[in-house]
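Asks: Would you be able to build a 3D model of this:
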Amino acid sequence: MPCPKELITYGDHLRKKRLDLNLTQQQVAKIINVTTESITNWELNRNTPNFNQIPKIISFLGYTPLINENPIKKYRIERGISQKELAKILNIDTTTLSRIERNKGNRVKKIIKEKLFGLLKSSTTEY
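Replies: Just a heads-up that it's a prediction; the model follows:
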């Protein structure tokens, strides 16, 4: 399977990194702690990783593939947190968080935005 010309999905990024490092799918699966079948399916874009697998993928890649994402969504994805979980942490509705991530949260109260950006700011000192 050739190296992807365009890196769009997690599978594309994984395949490129794996080929650059001259690793087998089995070796990458062991590093990420998933099955070889998972790596194959991601690389063929048959399915996508679960949120709890994404932090390990990011660690393997050495970067976060979703560089153009909303910073709140990027924070959530890097840590493998679902919208529901983050909304609960922030004590806001999941729909509100979804709107914020899609940059549709114009009517969101200022205090909610402050909570979110406060969380983002504090997380940079933790990692």
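
Asks: hey, which helix or strand in this structure has the poorest pLDDT?
Replies: One helix or strand of the chain scores below all others by mean pLDDT, DSSP states H and E: helix 110-126, with a mean of 65.

Asks: Residue 50 versus the residue nearest the centre of the chain, what's the distance?
Replies: With distances taken as Cα atoms, centre = their mean, residue 77 lies nearest the centre of the chain, 3.4 Å away. Summarising the geometry, the distance separating residue 77 from residue 50, computed by Cβ to Cβ, to the nearest Å, is 11 Å. Heads up, the C-betas are built off the backbone N, CA and C, glycines and all.

Asks: Against which helices or strands is the strand or helix carrying residue 95 packed?
Replies: Take DSSP states H and E as the rule and residue 95 turns out to sit in helix 94-101. Under the contact definition 3 or more Cβ pairs under 8 Å, 6 or more residues apart in numbering; DSSP states H and E, helix 94-101 sits against helix 71-78, helix 83-90, helix 110-126.

Asks: go with 7 Å
Replies: On a contact count with 3 or more Cβ pairs under 7 Å, 6 or more residues apart in numbering; DSSP states H and E, helix 94-101 meets helix 71-78, helix 83-90.
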